[in-house]
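1. Structure for this input, please:
(2 chains)
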Amino acid sequence: MNFETTIGNQNISILHVEGKILGNAANAFRTEMNEQLQTGRDKLVVNLMNVPLIDSSALGAIVVTLKSCQQSGGKLVLLSPQKAVREVLEVTQLNTVIEIYDTEEGACAAFI
Amino acid sequence: MAETILIVDDDPDILELLKMNLEPEGYNIRMANDGERAVQSACLNPPDLILLDVMMPHKDGFQVIEELKEIEHTKNVPVILLTARGQTEDKVLGLDTGADDYITKPFDLRELTARVEAVLGRTRPIKYINPLMHAMGDKFSEEGLQQLAGHLQAAAAIQKKLLPEQAPSLEGFDIATLLQSSTSVSGDFYDFIPLNETQIGLVLGDVKGNGIPAALLMVMIRTALRLLCHEEDSPASILKRVNDLVVRDTEADLFATMVYGILDIANSTFTYSNGGHCYPFHWKNHSEMEVLKTKGMLIGAFEEATFSSNICSLSPGDILVFYTDGITETENGNIVPQVSSIGLHKVSSNNPSTPTSAVQGDALRDAIPMDMFYGGDRLAACISKNAGLSASTLCETVVNDLTLFSGSTNSHDDRALIIIKRDT
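-> All right, here's what the predicted structure looks like:
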């Protein structure tokens, strides 16, 4: 798994992840999201376009970050999850508490 | 969430020294420089532990302990006393007053952190069972609480033994279970709870997270279910109450997924609700596999979680299959991993294990890249192809298929499987 964070308009952080987020990779994923929050950037877009699969550790990372964002008045949204990831989000019903967008423009508009 | 330690000492250098040494261990540190402020701070927001100097002007450590023991929400906060060397009387008095441990100044910092961790380790289980205590009302005494905490710790260590040793025998049904544990403490669990003469409650779940907190969450969920399943009729209400119970006191990254259902042997029905768990399968009418989908949130993650119940009828020969993701996420041992991540691989036409159902269909096939993970699709196919076998032979067949797929008899994750077959 690799990732890169870009900072867009209105201080929105876009975390582009590439590869499966499984096991220990989830810790790195979580740390990266947490670092954004630590630096006061609590508007977070996680781009899952290139993520074929996630496991429960990754879900845990998303849940924790989502809650931290909500506490600080920020927001976490997901961008373009693939079918396998979408299915996991659906089974766990996380799709009812996290906004999911198909385009980067849509995701960024969620913060306006 | 990090645990909070309140440090109380009138010597600012000692406060700083303790803070400097405990903060890197991952604790949140709060400080107070006299007894009065210590009591105020503890009342306002009870810490997980108090490190308390004995010799302080105005209000000494003993008085602080006495006051804290008088207050409902601070009386269970553990206290470690910091005493001057050689003051044996202080130690005795301190422990009599209700301190949990003491450390002699000047103290060895390694000893300090070890003692802090030991006391927190002893008292941690109490926090996890507090919601259960609320649920059960005033039936427990202080002694009972300590005892229960002790039992829970033992239970966490031997949690696997809490699982039913064998599947229940029910007239008209053939039930088999399988649990393969990986090395981790936490993980998969299942339970059968007799409700009345014709109904039995069934749960299969997976606790996500690690270590003792996860093990305790499992014990807590199991206990809560056993209490609540007699109070509520609908599986959705039961999951809702279990969620409400655990969500308040579990950390954000600690949660569980589970299916709870009621098997009615008189009416041959299964009423179920799902808390974010892999959808069970229903092999019906000797011909098709239905995925039992109901909406329900992960257990223990969100306060505003909602759940729904559903019901299915079981005809002779029908099979219900419950499993954890340790089964469907079994990795393919026969391929080079890089190739697999490129895209989704369709089941080839000469594959004898092609699923027979349209309901099963694309959703599951696409859900998990088939060439990389075992997947729900292949599990469903294995069941439908071998639906004539007994429940226990069917379990063995699935295990053999997993071994074949992964090229190994070992698993990285816990695996649990329950198969319920209505007699023909």
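2. How about the contacts made by the nearest residue in space to B:Tyr374 that is not next to it in sequence?
-> Excluding its sequence neighbours, the residue lying closest to B:Tyr374 (CB to CB, 6 or more residues apart in numbering or on different chains) is B:Thr330, at 4.1 Å. For glycine as for every other residue, the C-beta is placed from the backbone atoms N, C-alpha and C. By CB atoms under 8 Å, 6 or more residues apart in numbering or on different chains, B:Thr330 lies in contact with B:Phe373, B:Tyr374, B:Leu402, B:Phe405, B:Ser406, B:Ser411, B:Arg415.
3. Residues of chain A that sit close to chain B?
-> Neighbours of chain B within chain A, by CB under 8 Å from any CB of the partner chain: A:19-20, A:52-53, A:55-57, A:59-61, A:63-64, A:67-68, A:83-84, A:87-88, A:91-94, A:96-97.
4. Mind checking which of the residues you listed land in strands?
-> Among the residues of chain A next to chain B, no member falls in strands (criterion: DSSP state E).
5. Break chain B down into its domains, please.
-> Using automatic domain parsing, the domain parsing of chain B gives B:4-125, B:158-422.
6. can you tell me if the shortest one touches chain A.
-> No - on the criterion CB under 8 Å from any CB, domain B:4-125 is out of touch with chain A, staying 14.0 Å away.
7. If you rank the contacts of B:Thr330 by neighbours, which is first?
-> Of all the contacts of B:Thr330, the highest neighbour tally under other CB atoms under 10 Å in any protein chain shown goes to B:Arg415, namely 25 neighbours.
8. Now the phi/psi pair for that residue, please.
-> Note on B:Arg415: backbone dihedrals following degrees, to the nearest 10 are phi -130, psi 130.
9. my guess is it meets B:Thr324, correct?
-> Yes - between B:Arg415 and B:Thr324 there is a contact at 6.3 Å, judged by CB atoms under 8 Å.
10. elements contacting the longest strand belonging to chain A?
-> As assigned by DSSP E, the longest strand anywhere in chain A is strand A:43-50. Under the contact criterion of 3 or more CB pairs under 8 Å, 6 or more residues apart in numbering or on different chains; DSSP states H and E, strand A:43-50 touches strand A:13-18, helix A:25-38, helix A:56-71, strand A:75-79, helix A:104-109.
11. Please convert those to CSV, extending it with mean neighbour count and mean pLDDT.
-> Output for the helices and strands packed on strand A:43-50, formatted as CSV (neighbours: other CB atoms under 10 Å in any protein chain shown; pLDDT from 0 to 100):
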stretch, mean neighbour count, mean pLDDT
strand A:13-18, 20, 94
helix A:25-38, 18, 88
helix A:56-71, 21, 88
strand A:75-79, 22, 95
helix A:104-109, 16, 93
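12. Could you point out which of those sits nearest B:Glu70?
-> B:Glu70 lies closest, by CB to CB, to one member of the helices and strands packed on strand A:43-50: helix A:56-71, at 32.7 Å.
13. and that closest one, what does it pack onto?
-> helix A:25-38, strand A:43-50, strand A:75-79, strand B:199-208, strand B:255-264.
14. out of the ones you listed, which comes closest to B:Pro106?
-> Nearest of the helices and strands packed on helix A:56-71 (CB to CB): helix A:25-38, 35.6 Å.
15. Report the inter-axis angle for that closest one versus strand A:43-50.
-> For helix A:25-38 against strand A:43-50, the angle by axes from the mean of the first three to the mean of the last three CA atoms, to 10 degrees is 150 degrees.
16. quick one: helix A:25-38 to strand A:75-79, angle?
-> Using the same axes, to 10 degrees: helix A:25-38 against strand A:75-79 is 130 degrees.
17. ok, B:Ala305 - how many residues close by?
-> Neighbour tally, B:Ala305, other CB under 10 Å: 22.
18. My guess is it contacts B:Val242. True?
-> No - using CB under 8 Å as the test, B:Ala305 is too far from B:Val242 to be in contact (10.0 Å).
19. which residues are common contacts for these two?
-> B:Gly275, B:Ile299.
20. Is B:Glu66 in contact with B:Thr97, as I believe?
-> Yes - assessed by CB under 8 Å, B:Glu66 is found in contact with B:Thr97 at 6.3 Å.
21. who has more neighbours, these two?
-> The neighbour count for B:Glu66 versus B:Thr97, taken as other CB under 10 Å, is higher for B:Thr97 (17 against 13).
22. Is stretch B:218-230 positioned near chain A?
-> No - for stretch B:218-230 and chain A, the contact criterion (CB under 8 Å from any CB) is not met; the two come no nearer than 14.1 Å.
23. give the contact list for B:Ser315.
-> B:Ser315 makes contacts with B:Ser268, B:Lys284, B:Asn285, B:Arg422, as judged by CB under 8 Å, 6+ apart.
24. Thank you kindly, that will do.
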